[in-house]
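# A predicted structure for the sequence below; I have some questions about it.
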Amino acid sequence: MTQRQRSKRGAVVAIALLLIIVVLVMVVLLDRDSAKQDRAAAYAASSTTGFTSPYDLTELPTDIDLDTIREAAFLSISLPSETGELTSYGVSADVPAAQDLIDALMSAQELDADNVHSLGASSGSSPESSNNGAVAPSLVFVLPTRETVTFAVDLQQGLATRGSKAWRPDRDLKTLVDAATVRPR
């Protein structure tokens, strides 16, 4: 082989290597872009962001011990106004009226299922809508662990319901709720 042929062959090999390198770089870049798009699509499709927020709350199961509400940091009391609009009150559990409400519910007698149904009380633990379509009042006890214990309340009958269970405090529930939601002077 002559010097010229070797030189030609070297140039061909160099060009071939350069083409292979260019193709590999393109494949890597395209794959990286595709992976980025896949991650973006997966992120958009997921229901969680991977970040926790101080506003993320978890409702505890309905069969928890009622004494759990003693640990509440605050109460969220939702009441419909005369026009049917929902008004929400945040009340520190340290406020005496909130403590009275907690004590009354903790000492309340649980009604048996037959009594609950005969009273026509709506069972549930969320302020969805009551039987007549109006927004039902609710009490939400928020624990320091960002867990909640929610009761639907029937202020006329003095009942607090959670799941299929209902309680009737010895004290007037409407009076207790009114005291907890009154504006401080």
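Yes, it's here. Numbers count the residues shown, from 1 in each chain.

# Next one: residue 64 from residue 2, what distance?
Distance, residue 64 to residue 2, using CB to CB, to the nearest Å: 92 Å. Quick note: C-beta positions are derived from backbone N, CA and C, even for glycine.

# ok, those two, which is more surrounded?
Taking other CB atoms under 10 Å, residue 64 and residue 2 do not tie; residue 64 has more neighbours (12 against 7).

# Determine whether the claim that the more buried one is in a strand is correct.
No: if the criterion is DSSP: H, G, I helix; E, B strand; the rest coil, then residue 64 is coil and not within a strand.

# okay but it is in contact with residue 147, surely?
No: if you go by CB atoms under 8 Å, residue 64 and residue 147 don't touch, sitting 9.2 Å apart.

# Averaged over its residues, which helix or strand of this structure has the lowest pLDDT?
helix 113-119 (a mean of 62; mean pLDDT, DSSP states H and E).

# Which SSE is immediately downstream of the strand or helix carrying residue 32?
Taking DSSP states H and E as the criterion, residue 32 maps to helix 3-45. As assigned by DSSP H and E, the chain's next helix or strand after helix 3-45 is strand 58-59.

# After that following strand, which helix or strand is next?
strand 74-80.

# Please identify the pairing partners of that next one and their relative orientation?
Strand 74-80 pairs in its sheet with strand 86-92 (antiparallel), strand 138-142 (antiparallel), by DSSP bridges.

# do you know how far the residue most central in space within the chain is from residue 88?
The residue lying closest to the centre of the chain (CA atoms, centre = their mean) is residue 57, at 4.1 Å. Distance, residue 57 to residue 88, using CB to CB: 14 Å.

# Check residue 141 too.
For residue 141, the distance to residue 88 equals 14 Å [CB to CB].
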